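In: The following comprises the amino acid sequence and a computationally predicted model.
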Amino acid sequence: MGYSSDDERQIGEAFARLMSSCAKVCKNDYDRDLIERAFFLAKEAHEGVHRRSGEPYILHPLAVARIVVDEIGLGVKSVVAALLHDVVEDTDYTVEDIESRFGPKIALMVDGLTKMSGVFKTDASEQAENFRKVLLTLSDDVRVILVKIADRLHNMRTLGSMPPHKQMKITSETIYLFAPLAYRLGLYAIKSELEDLTLKYRFPEDYKQIEAKIRETEAGRTRFIEKFNAPIIEKLRENGIDFEISGRVKSVYSIWSKMQRKHVSFDEIYDIFAIRIVFKPSPLIPEKSQCWHIYSLVTDIYKPKPDRIRDWVNIPKANGYEALHSTVMGPDGIWAEVQIRSERMEEIAERGFAAHWKYKTGALSKEEGEFDRWMKQVREALNSPTEDAVEFLDNFKLSLYTSEIVVFTPKGDSRTLPQGATALDFAYDIHSKIGNSAMGAKINHKIESIFAPVGSGDQIEIITSKNVTPKPDWLEHVITTKAKQSIVNFLKKDKLNNIANGIELFEARLKDFGVTPSARVFRKVLPAYECATKDEFYSKLGAGIVKLDDLGKVLRENSANKILKFWTLQIPNPFRFLGGEGKKDRHVLPDDPTDPEAPQFVIAPCCNPIPGDEVVGYKNPETHKVDVHKKSCNELIKLAAQHGNNLTPVAWSSHKAMSYLTVMELRGIDRIGILMELSQVITGELNTNIRELHIQSHDGIFEGRISLYVKNKTDLKMIMEKVGKIKGVEKAIRVENTKE
Ligand code: MN
């Protein structure tokens, strides 16, 4: 117990660094004393405890406190809360102790932080529900979330000392929730770092490669940026503008996701950097006018891409972000993005929320209602309870990333909606009663369906009718959390009725076939009608969404065909979940799922891994089987973020030579004989089995999908390489999702 002299030295240094960072926020001795007392209490409380890395634990709260003051720009109370954030959770101190020493406000923040860490420790399904509860604290004090983000950032920075499946859980939560949340709160730098760190731990190879590429291409880029900037610098100086100009490379993660999304290589991404112009505003001219003035000077030199102007000066993003972005044609015909902003806008972009408040209390700005509006929406969403917390979280998460459009009511009031919203979203945004009875819409005085998408600047009037009620398919035509929840709430009232109807209907139909509802029947029926649970099936049936016209066919079908594949997997750590049979560390799985020795592994159809892919197991509480996902699978990230404790390590066994179904997509220039050559390469030369081949050709271009059986990833890679070499073939990529 106690601290060694080496520990003491490290701790002393870390505390001194914190105090010097805090100099800018401490107004008097009382503030300094408060931070010092918090430090001593935390130090004493965590005494003798070490992190996995071997460091004394207290270095963690010290680091979090420094992020809070240096990188988020919060004040003394938040620093104190950061120092104390793990005290109640991990030691004998109570919230009451904190309150008596530091007052009610700080105690409330520490309480919020304690509950929050509880969320990520609980089992499985409760996590989503708890997270929702915790988000409620957002409406009381956003600083709690900000300190939590700082905590997560430090944990991510020190993730290297965690075991791999813990890393998986933590990175999933980070990419699923914390990065979007940081984005929404305007913390761009932190959001990028969280994403980069996630990538670094999940795909270390990809990360290293991109990092190396950025380094390799640096010299050429610097030359280009200098050449690009020179005439701009001259012109802006001539016009007496006080400014700084820089060229910034985008984050590793944003480059990586673009490569993934567009299936392109690093060299094919042209916008890996942006030019940023930050100006000191002249007090006599509005900032907005100055932004446009600079824009006009820049575009005098370089031609702008007409559809690539982003005006967040007139209409800031909901997270407060303001800037003018434009893409222009630079020297040598290279497109470059130019970002124009004032020093104030720059600070908001870097510091987000905290800077936002700072300017709000200072200068007057009528546009700064955006953030408050978002907060109001979050609060509304949180206060209207929904049973399905996971779904709530999904919607909430979506609301974090979307960009906004502004539309107008018939009276000319503006409303902000996410991009992609429909007239029905607008109706619900006005009031749930209007949404629930919406029959049609007048968009810019023209009659349209309530499902019609709305665009920025549209004026919308909703036509209502007493005879209209929400239908389940409405859910597919709205994107806002508020609309979804209002519809779900309405439908839920009907649901219980529907379930009862559904049971009656189903049993009656089954009688026609002389069958009773058994587990065996549901194993066939649920996937056939795309329902996850019996309740879902019954209520959809009762509501008329599911029709039983082909029930006979479904019942006759051998359900083995429905399930993609079961394979031999090796489990490094056998777990009890396997129904007490975890005595071996390798399980050979039968092909017939109706076999009493039920298969325990399911190859997830969302990402369809094959041997050689990095895989992670997910103990599915509904099926009591282990779903095997690719490590990169988005579905898995979602599951891991919500039920991180259900993850389990799995690995491919190497001894079996079996074939796995995979799908390849092709595109290229059509020419005579190409099809023949293709099938020759695949079946002839490589001796692989094609199951299906669809090729379409139009306007001289062919596109196709090939389903084929391969033994492993190396096999597939070789086929793709060979196919890629065929004359005319431009792209041969593996399709992840083979659900269709
Ligand atoms: Mn912590």
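Out: Right, received. Where do you want to start? Residues are numbered from 1 along each chain as shown.

In: my read is residue 617 is in a strand, agree?
Out: Yes: checked against DSSP: H, G, I helix; E, B strand; the rest coil, residue 617 lies within a strand.

In: Go ahead and confirm it touches residue 636.
Out: No: here residue 617 lies out of contact with residue 636, judged by C-beta atoms under 8 Å, at a distance of 9.7 Å. No exception for glycine: its C-beta is placed from N, CA and C like everyone else's.

In: so what sits against both of the two?
Out: Common contacts of residue 617 and residue 636 (C-beta atoms under 8 Å, 6 or more residues apart in numbering): residue 629.

In: buried set for whichever helix in the chain runs longest?
Out: Longest helix in the chain, counting residues (DSSP state H): helix 481-512. By neighbour count on 16 or more other C-beta atoms under 10 Å, the buried set for helix 481-512 is 481-491, 494-495, 498-499, 501-503, 505-506, 510.

In: how close does residue 223 get to residue 473?
Out: 56 Å (C-beta to C-beta, to the nearest Å).

In: ditto for residue 267
Out: 44 Å.

In: Ok, residue 453 next?
Out: Residue 453 is 16 Å from residue 473, by C-beta to C-beta.

In: out of the two, which sits in the busier spot?
Out: residue 453 (16 against 10; other C-beta atoms under 10 Å).

In: Surely that one touches residue 422?
Out: Yes: contact criterion C-beta under 8 Å: residue 453 and residue 422 qualify, at 5.4 Å.

In: still on that earlier bit, packing partners for the longest helix of the chain?
Out: If you count contacts as 3 or more C-beta pairs under 8 Å, 6 or more residues apart in numbering; DSSP states H and E, helix 481-512 packs onto helix 369-383, helix 389-401, helix 423-430, helix 432-436, helix 534-542.

In: Sketch out the low-pLDDT regions of the protein for me.
Out: For the chain, the stretches with pLDDT under 70 are 1, 117-140, 318, 352-404, 557-600, 651-659, 684-691, 699, 737-740.

In: Could you pick out the residues of it near the ion for me?
Out: 86, 151 (C-beta under 5 Å from the ion).

In: mind redoing it with 6 Å?
Out: Along the chain, the residues adjacent to the ion under the rule C-beta under 6 Å from the ion are 60, 85-86, 151.

In: when you check those against the helices, which ones overlap?
Out: If you go by DSSP H, the residues of the chain next to the ion have 60, 151 in helices.

In: Now render the residues of the chain next to the ion as JSON lines, adding neighbour count.
Out: Listed next are these as JSON lines, based on neighbours: other C-beta atoms under 10 Å:
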{"residue": "60", "neighbour count": "22"}
{"residue": "85", "neighbour count": "28"}
{"residue": "86", "neighbour count": "23"}
{"residue": "151", "neighbour count": "23"}
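
In: Just want the most central residue of the protein.
Out: Against the mean C-alpha coordinate of the chain, by C-alpha atoms, centre = their mean, the closest residue is residue 176 at 4.0 Å.

In: tell me the secondary structure for that residue?
Out: Recorded secondary structure, residue 176: helix (three-state DSSP).

In: buried sites along the helix or strand where residue 234 lies?
Out: Secondary structure assignment for residue 234, by DSSP states H and E: helix 218-238. Using 16+ other C-beta under 10 Å as the test for burial, helix 218-238 gives 224-225, 228-229, 232, 236.

In: swap in stretch 465-479?
Out: For stretch 465-479, burial by neighbour count (16+ other C-beta under 10 Å) applies to 470, 472, 474, 477-479.

In: Spit out the contact partners of the spatially closest residue to residue 494 that is not a sequence neighbour.
Out: What sits nearest to residue 494 in space, not counting adjacent residues and going by C-beta to C-beta, 6 or more residues apart in numbering, is residue 543, at 6.9 Å. By C-beta under 8 Å, 6+ apart, the contact list for residue 543 reads 472, 494-495, 498, 501-502.

In: same thing with residue 162?
Out: Contacts for residue 162 (C-beta under 8 Å, 6+ apart) come out as 52, 170.

In: Return the residues in contact with the residue of the stretch 101-250 of the chain found nearest the ion.
Out: With C-beta to the ion as the measure, residue 151 is the residue of the stretch 101-250 of the chain nearest to the ion, at 4.3 Å. Contacts for residue 151 were tallied using C-beta under 8 Å, 6+ apart; they are 64, 82, 85, 113, 117.

In: Work out the gap between the strand or helix carrying the fourth one and the centre of the chain.
Out: Of the helices and strands defined by DSSP H and E, residue 113 is found in helix 104-121. Distance of helix 104-121 from the chain centroid (C-alpha atoms, centre = their mean, to the nearest Å) equals 24 Å.

In: what's the spacing between residue 176 and residue 204?
Out: As judged by C-beta to C-beta, residue 176 and residue 204 stand 20 Å apart.

In: nope, residue 166 is what I was after
Out: Distance, residue 166 to residue 204, using C-beta to C-beta: 16 Å.

In: Just say helix, strand or coil for the most far-flung residue of the chain relative to its centre.
Out: In the chain, the greatest distance from the average C-alpha position (C-alpha atoms, centre = their mean) is reached by residue 514, at 47.6 Å. Three-state assignment for residue 514 (three-state DSSP): coil.

In: separation between it and residue 552?
Out: 11 Å.

In: ditto for residue 501
Out: Distance of residue 501 to residue 552, computed by C-beta to C-beta: 21 Å.

In: picking up where we left off before, so what's the residue nearest to the centre of the chain up against?
Out: 397, 637-638, 640-642.

In: Distance to residue 311 for the residues you listed - can I get that in a markdown table?
Out: As requested, the contacts of residue 176 are exported to a markdown table (distance: C-beta to C-beta, whole Å):
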| residue | distance to residue 311 |
| --- | --- |
| 397 | 27 |
| 637 | 33 |
| 638 | 33 |
| 640 | 38 |
| 641 | 34 |
| 642 | 37 |
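
In: out of these, who's nearest residue 323?
Out: For the contacts of residue 176, the residue nearest residue 323 by C-beta to C-beta is residue 397; the value is 24.6 Å.

In: Output the next helix or strand along the chain from the longest helix of the chain in CSV with nothing but the alpha carbons.
Out: Going down the chain from helix 481-512, the next helix or strand is helix 519-528, by DSSP H and E. Only the C-alpha atoms of helix 519-528 are listed here, as CSV (Å, rounded to 0.1, in the frame of the first residue of the first chain):
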residue,chain,number,x,y,z
ALA,A,519,-40.4,-24.3,-31.3
ARG,A,520,-39.8,-26.2,-34.6
VAL,A,521,-42.5,-24.3,-36.3
PHE,A,522,-41.2,-20.9,-35.2
ARG,A,523,-37.7,-21.8,-36.3
LYS,A,524,-39.1,-21.9,-39.8
VAL,A,525,-41.7,-19.2,-39.6
LEU,A,526,-39.8,-16.4,-37.9
PRO,A,527,-37.0,-16.1,-40.4
ALA,A,528,-39.4,-16.6,-43.3
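
In: Okay, angle between helix 519-528 and helix 534-542 too, please.
Out: Orientation check (axes from the mean of the first three to the mean of the last three C-alpha atoms, to 10 degrees): helix 519-528 against helix 534-542 gives 60 degrees.

In: now helix 519-528: how far from the chain's centre is it?
Out: When distances are taken as C-alpha atoms, centre = their mean, helix 519-528 is centred 32 Å away from the chain's centroid.

In: The closest residue to residue 149 other than its chain neighbours: neighbour count?
Out: Spatially, and ignoring its direct neighbours in sequence, residue 149 is nearest to residue 182 (5.4 Å; C-beta to C-beta, 6+ apart). For residue 182, the neighbour count with other C-beta under 10 Å is 30.
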